[in-house]
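In: Provided below are the primary sequence and the corresponding predicted coordinates.
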Amino acid sequence: MTAPSPTAAAALPGAGRPTSISARGLCVGYDGQEVVAGIDLVVPDRTSLALVGTNGSGKSTLLRTLVGLLAPVRGDLAVLGRPPGGAPTRIAYLGQFHASGFVLPLRAIDVVRMARFPNLGLLGRMTSADHDLVAAAMATMGVADVATAALRSLSGGQQQRVYLAQVLARRADLIVLDEPTAGLDAGGRERYLEAFTAELLRGATLVTATHDIAEAAEYDQVLLLARRVVALGPGRDVLTADRLLDTFGIVVRDRHAEHAGRFVVAERAHGQPQVVERVPPPD
């Protein structure tokens, strides 16, 4: 089956269902300068979308626009039925940079507790239910044993687990993650995948920017970006050698893995696109 055209969002499976994200003619960028244009996208409730592309392809810019940190350059965008940023208590966002952990003397548990603050109001106090959500999130991500440790004393992988626990503790309707597995070891990645699969089962919608092609293939939709929309649709249709070449500039293709739809991808080298085919040794 051919992947849907990037301009055919209305024809995507589930387009008639309640939607977490709806974009038409969307252009995203900074200070009015275009980074990616022509984004037509429908993300139904309780589904997942992976954004795949190189550094600088527009993934982070689109995510920051979805959560209201950047204004759209032009076009229409609704998030949870409102303009971007209009439903802050229903969204959990994890970017790539977490400056607060290095400016303030925070403990790991303090960072996770921040997830509950938007629901408490200015003078609200955490309830036992809030504390239970924080404890459960830290246990899920395997950081309960470092709850009282200073965040900046933890390894990079532990810090990332703490921030992922913060996302879990938010209990958001829409979860937006930018390279969430960066710095995680194999155990951390396994915990992440299990935790956010459970979030989908709970009823959340998940949007993730990732370089991991194997992970992206498991999502309901994949959006390939290269400062333009390369393709949009189910992973099995979108994650092809030709489209990955168009997105990354180089694809290392494994003949044995190709039948399962898996490719090893590297970014464009010196601006020269190429395909390198790894031939398996004779039996």
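Out: Nice, I can see it.
In: wait, is Asp145 part of a helix?
Out: Yes: residue state for Asp145 (DSSP: H, G, I helix; E, B strand; the rest coil) corresponds to a helix.
In: Report pLDDT for it.
Out: What the model reports as pLDDT for Asp145 is 97.
In: any weak-confidence spans in the stretch 101-250 of the chain?
Out: Applying pLDDT under 70 to the stretch 101-250 of the chain flags residues 101-104, 122.
In: all helices of it, in order?
Out: Here the stretch 101-250 of the chain has its helices, by DSSP state H, counting those that start in this stretch, at 108-113, 128-140, 156-170, 186-202, 213-216, 235-238, 241-248.
In: Any chance you could spot the residue sitting in the middle of this structure?
Out: Centroid check for the chain by C-alpha atoms, centre = their mean gives Thr208 as the closest residue, at 1.3 Å.
In: Tell me the spacing between that one and Glu218.
Out: Note on Thr208: its distance to Glu218, by C-beta to C-beta, to the nearest Å, is 11 Å. C-betas here are computed from N, CA, C, even on glycine.
In: for Pro44, same thing?
Out: Pro44 is 17 Å from Glu218, where distance means C-beta to C-beta.
In: Same question for Gln166.
Out: 23 Å.
In: same question, Val67
Out: Computed as C-beta to C-beta, the Val67 to Glu218 distance reads 23 Å.
In: Out of the two, name the residue with the larger neighbour count.
Out: The neighbour comparison of Val67 against Glu218 (other C-beta atoms under 10 Å) goes to Val67, with 20 against 13.
In: so Val222 touches Val230, yeah?
Out: No: between Val222 and Val230 there is no contact, the gap being 10.0 Å when judged by C-beta atoms under 8 Å.
In: Same drill for the two, tell me which one is more crowded.
Out: Between Val222 and Val230, counted using other C-beta under 10 Å, Val222 has the larger neighbour count: 26 against 22.
In: give me the beta-bridge partners of the more buried one?
Out: When assigned by DSSP bridges, Val222 has beta-bridge partners Ala50, Gly233.
In: coming back round to it: mind listing the shared neighbours of Thr208 and Glu218?
Out: Residues touching both Thr208 and Glu218 (C-beta atoms under 8 Å, 6 or more residues apart in numbering) are Ser48.
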